[in-house]
Every structure is written in structure tokens, then in C-alpha cells.
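Student: predicted structure and sequence below. I'll ask about it afterward.
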Amino acid sequence: MKKVIIIQARMGASRFPGKVLELLKGKELLRWVVERSLAIPTIDQVVVATSDSPSDDKINDFCTINKMECFRGSETDVLSRFYKAAEQYNADIIIRITADCPLLDPHIAGQVLRLVSSRSADYASNVLPPTWPDGLDCEAFTMAALENAYKNAMRNSDREHVTPYIRNNQHLFKVRNVSSSVPGLQAHRWTVDTPEDLAYLEQILSQSKSGFTTWDILDTIELNPQIKRPSSERNEGFSKSLKEETTHCVNFKNSQALLKQASNTIPLGAQTFSKSYIQFPENTSPMFLTHGLGARVWDVDGNEYIDLISGLMPVVLGYNDPDINHAIQNQLTKGISFSLSTELEIQLAEKLCSIIPSAEKVRFAKNGTDVTSAAIRLARAYTGRDKVIVCGYHGWQDWYIGSTTRNKGVPKTVCDLTTSVPYNDLDIIKKLISTEAYASIIMEPCNSQEPLPGYLQGIKDVCEKYGAILIFDEIVTGFRFSLGGAQRYFGVTPHLSCFGKAMGNGMPISAIVGQNHVMKEMEEIFFSGTFGGETLSLAASLATIKKIENENVINHLWSYGADMGRKIDQIILEKGLGGIVKLSGYAPWKIVQFFDHPHSTSFEIKTFFIQEMIRRGVLINSSLNISFSHGELEKHALLKSFEEVLALIGGYLNKGINQHLQSPSIRPLFKVR
């Protein structure tokens with residue numbers, strides 16, 4: 001099994017031309033990389049792969065003089081260059097390294113190589129997600145995987161960066177990652193993109209007294225605070241291949257095949273209504289995803305999307321967040337579920353009590369329905385009453401779903417105990433609660449509408465006057481509107497609150513919190529679950545809250561959402577769609593609403609909108625569920641897609657947009673907002 005390192009090198013770097021032959025501590029960058037590559041355990045050969053452009057003659061000459069193997073190939077089709085180099089040198093396994101990483105760590109690269117050489121992976125790297133200093137990047141893959149990519153990759157971006165096809169098509173390849181066990185190392189940047197980067201590394205190496213391993217360099221930086229890191233932004237590594245241009249996703253062959261297979265054993269082919277085929281245009285939508293990174297996800301057909309669903313909103317930081325991953329992995333080495341409680345429960349409960357106004361006591365569960373149902377049982381126990389008022393969406397249990405049109409299977413006697421009211425109508429609540437004894441009002445503090453002045457406080461006043469319990473369902477708004485939820489943002493403190501979704505950045509965890517005098521009934525009612533104290537989710541939640549506190553996450557959600565909202569509103573006006581398409585709600589959670597047109601129904605318009613956004617590489621349903629990972633690259637691509645799709649809607653409306661649908665129009669499950 002021959003293992004060949006192929007070092008990608010060129011002279012024409014836009015920000016620092018000729019950098020690969022610049023000197024670092026008296027030695028060319030390329031020489032540094034070659035020498036450190038040769039130190040990777042079990043490696044057989046090192047080859048420099050450059051282009052056949054005259055501008056790269058200097059690299060070829062350098063290799064000839066220094067008796068280094070050099071292969072020359074296409075300047076733009078780097079995938080072809082790598083494949084032909086690997087073929088020429090009879091490689092069975094290839095490690096790809098770039099020539100601007102002079103501090104490459106042979107031991108870390110060796111771990112990446114071992115994953116492939118042991119047949120544990122077809123492809124392995126140390127940047128999915130990045131947890132090591134930028135500049136230690138490497139990836140290893142089999143010749144079979146490289147050949148598959150060479151023959152099947154069609155997109156320019158797949159061929160310009162060698163491995164995106166393999167990484168994107170994880171339905172076809174076994175993909176693994178070597179993560180750092182030390183948190184926060186990804187903040188360091190040791191690659192050379194600019195002259196300032198080179199000067200920075202020169203300072204580090206000049207001060208290093210023990211050696212040039214990763215740990216030596218980290219010690220040197222820590223012991224020499226006078227060494228100032230350049231202000232240039234972190235090189236995004238493999239995310240350079242993320243596409244900003246409009247992408248046409250038209251192949252959903254694998255998704256459709258898996259949906260057919262899943263339907264044999266899974267009703268709807270999915271675990272969640274909102275993730276199932278009935279909520280997306282048939283045959284023109286992805287049905288199964290393989291992986292996510294930051295604000296992006298990939299489906300089983302290798303299509304890449306900017307994700308505006310974010311797992312139905314739990315993913316507040318982004319997919320594969322290294323800090324949350326580290327917290328989970330660290331706890332995983334200790335255990336997941338135990339025979340008794342763990343201290344993590346106390347730590348998270350105390351943290352929630354410190355940030356949520358209504359939290360004096362806390363109980364944990366796994367999803368939103370768990371805790372909203374617990375809140376209703378608690379309110380009924382506390383008040384001795386049965387009837388409840390609901391406003392918004394509160395989960396799938398009988399007590400709530402019986403008030404919707406999807407109430408099949410719910411006894412009528414249960415349905416009769418729940419009354420649904422419209423948002424912002426305080427008078428109807430006053431009328432109901434003054435004429436009958438209600439245990440509670442459970443409501444989303446806001447959704448597609450802003451609360452009228454005095455509305456939320458008015459509801460609390462009514463509840464206290466008539467002895468009902470006010471419950472805020474903050475499953476969506478919690479950890480988005482503010483760290484303490486919408487209740488802190490609006491300044492109204494309910495008796496009980498329910499949190500979930502963003503609480504664990506995708507891990508299954510929720511919480512019911514409340515005032516002491518109400519939560520005391522928790523000791524009497526039965527609310528108990530084996531996995532309420534499951535430790536991976538508790539650790540993830542603590543890490544998520546810490547990151548929200550420390551990294552200005554909430555401000556990003558507000559500012560990013562506000563900017564997106566303003567620009568989309570402008571596009572809507574420019575396309576003459578003011579009465580047809582509307583953004584509503586608050587910046588961290590903008591909801592896209594569609595309205596009937598004389599020749600097109602709102603359902604047809606929504607279906608066409610989703611269909612065309614997906615074609616452009618945007619996964620969306622009915623809201624802008626932004627995360628901390630959504631950045632300027634994503635914003636540019638999103639706005640471009642909105643502009644194109646809304647222009648099409650404006651042009652097709654008068655003749656009937658249904659003529660341009662590639663599937664029947666979708667229908668809502670039931671209307672709650």
C-alpha cells in the first residue's frame with residue numbers, strides 16, 4: 001500500500017504572489033513543508049504538484065535543483081492534476097497538503113493518514129470541523145475515492161479544490177475527522193496568506209527554544225505576549241470551496257430512492273412532520289441530509305445548501321460547532337446516562353436561574369412537547385382546574401393538538417378542555433377567563449406578530465386577578481431574542497416558562513422553569529423520564545450558553561436578521577410583490593408569509609418559492625432561521641437567490657404560477673400563527 005503526499009503549490013497567490021518560495025528562518029516555505037511531510041510516519045513518497053503555467057516554472061526549477069519530485073498539470077482543474085499525479089506515482093493513499101502551511105505537524109497528519117490506511121475511512125481530515133490551528137490542515141484519501149471524484153465531479157468548485165466532491169458526497173464515502181482534544185486551538189492562525197503572516201511565524205520561530213511541534217509553538221506564543229498576531233482574518237481552509245455563486249441543485253435521485261425505502265418502515269418516511277416530504281415540493285427537494293458545517297448542509301446527492309431551517313431552529317450556533325463538539329466529546333469519555341443524577345444537572349439549573357427572569361426552579365426533559373405538557377399538568381395541579389387557553393404552537397400532546405384541525409385520535413372530552421385564541425386579542429382572554437375557571441394560559445410571547453403595547457403585561461395581570469398560571473412557551477424565542485428569552489426582552493415575567501431548541505445547539509434538551517411557589521408542585525405531580533439528566537445534552541447546553549454569553553451571539557442574530565429583513569423587504573417592493581409576499585416578526589426569526597393572488601394561491605406561490613430557492617442551493621421552508629454561523633458569504637448568496645426567485649414570482653403571477661410548478665402545491669399541517 002503506497003502512501004504518497006502531494007503538496008499543492010503555485011506562485012500566483014493573489015494576496016502574496018510567490019509566497020511558497022519566500023524564506024522563513026532562512027528556508028523556503030516549500031522546503032519547510034516538504035521536510036515536515038517526510039517526517040509523517042509510514043509515508044513512502046512526497047511529490048510537489050504545481051501547474052503547467054509558465055508562472056510556476058520557478059517551482060519546477062526549485063524542485064529540480066533540490067532533487068524533489070515535481071508533477072505539473074492543469075492550472076484550473078486541480079482535481080485532474082492531483083489524480084494524474086497520484087496515478088503516475090502509483091499511489092494507493094494520498095495525503096493532500098498545501099505549500100503555505102510550513103508548521104504542518106507530522107504527528108497530527110499521521111493520525112489523519114492512519115484513519116485511511118487502517119480502512120476506517122475513505123477520506124479523513126483534521127478540519128471537519130476545524131479544531132486545530134489554521135495551518136496544520138491536511139487530508140488523506142484513497143486512490144479509489146480520488147478516482148471516483150475525478151470521473152464524476154462536474155462542478156467547477158469541485159475541480160478547483162480537489163476534495164469537495166468527496167466531502168460533499170458523504171452518502172458515497174466513509175468520512176472521518178481527527179479533532180483536537182484541547183479546546184479553542186482553532187483561534188490560532190499559522191498559515192501564510194500575507195507578508196504579515198510570514199513575519200508573525202518568523203517571530204514565533206525565532207523565540208522558540210524547545211522545538212517546532214504544535215505544543216512547542218503554543219508554549220512560545222503563551223510565553224511571549226509581545227508577539228502580535230496579524231489582524232488578517234482566519235483562512236477558512238476547506239470552506240474556501242463553499243459556493244457564493246448561484247447553484248442549481250437538480251439531482252435528487254438518491255433522496256427519492258431513500259424516501260421510497262424509508263416509507264416501507266417509517267410512516268411519512270421521517271420522524272417529524274415538518275421534515276417530511278409533505279412539507280416540500282415533491283421530486284424537486286432533498287429528503288435526506290448527510291452532514292452539516294457552519295451554516296451549510298449537504299444532501300445524499302452531494303448538493304450543498306445554505307440552511308435557513310437550522311434543524312427547525314435548534315442550531316443557533318451552526319452545525320458541527322467545535323466548542324459544542326468538544327463539550328460533548330469530553331463528557332462522552334465519562335458516560336452518557338447514569339443510575340443517579342450528576343452535578344451537570346445542578347450546574348445547568350443554576351445557570352438557567354441566573355439568566356431567565358422566571359426561573360427559580362428547573363426540571364429538564366428532551367423536547368418541547370415534554371415541558372409544555374409538564375407545565376400544563378403543573379398548572380392544573382396548582383390551581384385545581386382543568387381548562388386551558390392556548391395561543392401559538394405547543395407540541396403534539398392531546399391537551400394541545402386537540403385544539404387544532406389535526407386532532408384525530410384525541411378524545412372529544414380532552415378537546416373540550418382547550419380553547420385556542422388569536423394573538424394580540426386581550427379582550428377575548430379577559431372574557432374567557434372572567435366567565436370560566438381556567439388553569440392557565442400558555443402562549444408564545446411572540447411569533448409572526450409583535451405584541452401590542454401592554455398586551456403581554458395585560459395577560460399576566462388578568463391571570464393573577466383570576467388565579468390562572470401564565471406560561472410562556474419560549475421553545476423558539478429562548479436563547480434567540482435574548483439570553484433570558486423573550487420575557488427578558490419584553491420585560492414581562494410569567495409564572496412558568498418552557499425552553500428548548502437552541503438550548504443545546506441541536507442536542508435533545510428542554511427545560512421547564514418557574515417560580516418557587518408553582519414549581520413546588522413538581523414534587524407531587526408525576527413528571528419523570530429516564531433521559532431527563534442525560535449528560536451529553538446537559539454538557540452541550542452549558543457550552544452553548546457559555547458561547548452565547550461570550551461571543552455576542554444574540555447581537556449577531558439581531559443585526560444579521562435585521563439587515564437581511566431590510567434588504568428582502570426592499571426586493572419585495574422592487575418586484576411589486578407588496579401584497580403577495582411579506583416578512584413578519586422579529587429580526588432573529590423572520591417569517592415569510594404568502595398571500596393569494598387572483599391567478600395563484602398562496603400555497604402555489606409558497607411551493608414555487610421553495611422549489612426555486614432549493615434549485616439555487618438554499619434550504620428554506622417558511623422562515624429565516626439564522627444562526628451565528630451565517631456570515632457575509634451566505635448573506636450575499638441568499639439575497640441574490642431571493643432577488644432571482646421573487647423576480648420570477650412577479651413575472652409568473654398573472655398567468656398562474658401553477659404552470660411553473662414541478663409538483664403539486666404543498667399544504668400546511670394546520671394553521672397556528
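Tutor: Received, thanks. Numbers count the residues shown, from 1 in each chain.
Student: quick check, distance from the one helix or strand in the chain whose mean pLDDT sits lowest to the centre of its chain.
Tutor: The helix or strand of the chain with the poorest confidence is helix 156-160; it has a mean of 91 (mean pLDDT, DSSP states H and E). Centroid separation for helix 156-160 versus its chain: 23 Å, with Cα atoms, centre = their mean, to the nearest Å.
Student: list the buried residues of it.
Tutor: 157-159 (16 or more other Cβ atoms under 10 Å). (C-beta placed from N, C-alpha, C; glycine too.)
Student: nearest to Phe71 among those residues?
Tutor: If you rank those by distance to Phe71 using Cβ to Cβ, Arg159 comes first, at 16.8 Å.
Student: residues contacting the least confident helix or strand of the chain, please?
Tutor: Outside helix 156-160, the residues that touch it by Cβ atoms under 8 Å, 6 or more residues apart in numbering are 76-80, 149, 153, 164-165, 168, 241, 243.
Student: now list the buried members of these.
Tutor: Buried among the contacts of helix 156-160 (16+ other Cβ under 10 Å): 77-79, 149, 153, 164-165, 168, 241, 243.
Student: lowest-confidence one in those residues?
Tutor: Lowest pLDDT among the buried ones among the contacts of helix 156-160: Ser241, with 46.
Student: so, low pLDDT: which residues of the chain?
Tutor: Scanning the chain with the threshold set as pLDDT under 70 gives 232-247, 669-673.
Student: Tyr89: neighbour count?
Tutor: Using other Cβ atoms under 10 Å, Tyr89 has 17 neighbouring residues.
Student: what does Thr435 give?
Tutor: Using other Cβ under 10 Å, Thr435 has 9 neighbouring residues.
Student: likewise for the one 5 residues further on?
Tutor: By the criterion of other Cβ under 10 Å, Ser440 has 27 neighbours.
Student: which residues sit in contact with it?
Tutor: When contacts are counted by Cβ under 8 Å, 6+ apart, Ser440 touches 375-376, 379-380, 383, 388-389, 463, 468-471, 496.
Student: straight-line length of stretch 98-107, end to end?
Tutor: Length of stretch 98-107, first residue to last, Cα to Cα, to the nearest Å: 17 Å.
Student: no no, stretch 176-194
Tutor: The first and final residues of stretch 176-194 sit 31 Å from each other (Cα to Cα).
Student: next, the buried residues of that stretch.
Tutor: So, applying 16+ other Cβ under 10 Å, buried residues of stretch 176-194: 176-180, 183, 185-186, 188-194.
Student: and for stretch 120-128?
Tutor: For stretch 120-128, burial by neighbour count (16+ other Cβ under 10 Å) applies to 121-128.
Student: then stretch 81-90?
Tutor: Buried positions in stretch 81-90, judged by neighbour count with 16+ other Cβ under 10 Å: 81-86, 89.
Student: now do stretch 500-517
Tutor: Neighbour counts using 16+ other Cβ under 10 Å place 500-515 of stretch 500-517 among the buried residues.
Student: out of these, which is nearest to Glu574?
Tutor: In terms of Cβ to Cβ, no member of the buried residues of stretch 500-517 lies closer to Glu574 than Ala502, at 32.9 Å.
Student: just to revisit the earlier point, by contact count, what packs against the helix or strand following the least confident helix or strand of the chain?
Tutor: Downstream of helix 156-160, the next assigned helix or strand under DSSP states H and E is helix 164-168. Packing partners of helix 164-168 (3 or more Cβ pairs under 8 Å, 6 or more residues apart in numbering; DSSP states H and E): strand 123-125, helix 143-152, helix 156-160.
Student: the second one: how far from the chain's middle?
Tutor: On the basis of Cα atoms, centre = their mean, helix 143-152 is displaced by 28 Å from the centre of the chain it belongs to.
Student: other SSEs contacting that helix?
Tutor: Right, helix 143-152 is packed against helix 78-88, strand 93-98, helix 164-168 by 3+ Cβ pairs under 8 Å, 6+ apart.
Student: make CSV from these and add distance to Pro41 to it.
Tutor: CSV is the format used below for the helices and strands packed on helix 143-152 (distance: least, Cβ to Cβ, whole Å):
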stretch, distance to Pro41
helix 78-88, 20
strand 93-98, 11
helix 164-168, 23
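Student: mind listing residues that contact stretch 331-347?
Tutor: Residues outside stretch 331-347 that contact it (Cβ under 8 Å, 6+ apart) are 364, 530-531, 533-536, 538-539, 542.
Student: nearest to Lys567, of the buried residues of helix 156-160?
Tutor: Lys567 lies nearest to Ser157 out of these, by Cβ to Cβ, at 25.1 Å.
Student: give the contact list for His556.
Tutor: Contacts of His556 were listed using Cβ under 8 Å, 6+ apart, and they are Phe628.
Student: do that again at 10 Å, thanks
Tutor: If you count contacts by Cβ atoms under 10 Å, 6 or more residues apart in numbering, His556 has them with 548, 588, 626-631.
Student: could I have the PyMOL command that selects the buried members from these?
Tutor: The following PyMOL line selects those of the contacts of His556 that are buried, judged by 16+ other Cβ under 10 Å:
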select buried, resi 548+588+626+627+628+629+630+631
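Student: how about JSON lines for the contacts of His556, with secondary structure added?
Tutor: Shown next, in JSON lines, are the contacts of His556 (DSSP: H, G, I helix; E, B strand; the rest coil):
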{"residue": "Ile548", "secondary structure": "helix"}
{"residue": "Pro588", "secondary structure": "helix"}
{"residue": "Ile626", "secondary structure": "coil"}
{"residue": "Ser627", "secondary structure": "coil"}
{"residue": "Phe628", "secondary structure": "coil"}
{"residue": "Ser629", "secondary structure": "coil"}
{"residue": "His630", "secondary structure": "coil"}
{"residue": "Gly631", "secondary structure": "coil"}
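Student: of all the contacts of His556, which comes closest to Leu21?
Tutor: For the contacts of His556, the nearest to Leu21 is Gly631 (32.7 Å; Cβ to Cβ).
Student: the residue lying closest to the closest one once chain neighbours are set aside: what's it in contact with?
Tutor: Spatial nearest neighbour of Gly631, excluding adjacent residues (Cβ to Cβ, 6 or more residues apart in numbering): Ala295 at 7.1 Å. Neighbour list for Ala295: 242, 305-308, 310, 315, 318-319, 626-631, 633-635, 638 [criterion: Cβ under 10 Å, 6+ apart].
Student: repeat that for Ile266.
Tutor: Residues near Ile266 by Cβ under 10 Å, 6+ apart: 259, 276.
Student: how about the strands in the stretch 1-150 of the chain?
Tutor: Counting by DSSP state E, counting those that start in this stretch, one finds strands in the stretch 1-150 of the chain at the ranges 3-8, 23-24, 27-28, 45-51, 69-73, 93-98, 123-125, 139-142.
Student: apologies, that question was intended for the stretch 351-500 of the chain.
Tutor: 361-365, 387-391, 418-420, 438-443, 469-474, 496-499.
Student: dump these into JSON lines; add distance to Leu648 as well.
Tutor: As requested, these are exported to JSON lines (distance: least, Cβ to Cβ, whole Å):
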{"stretch": "strand 361-365", "distance to Leu648": "44"}
{"stretch": "strand 387-391", "distance to Leu648": "36"}
{"stretch": "strand 418-420", "distance to Leu648": "36"}
{"stretch": "strand 438-443", "distance to Leu648": "37"}
{"stretch": "strand 469-474", "distance to Leu648": "37"}
{"stretch": "strand 496-499", "distance to Leu648": "39"}
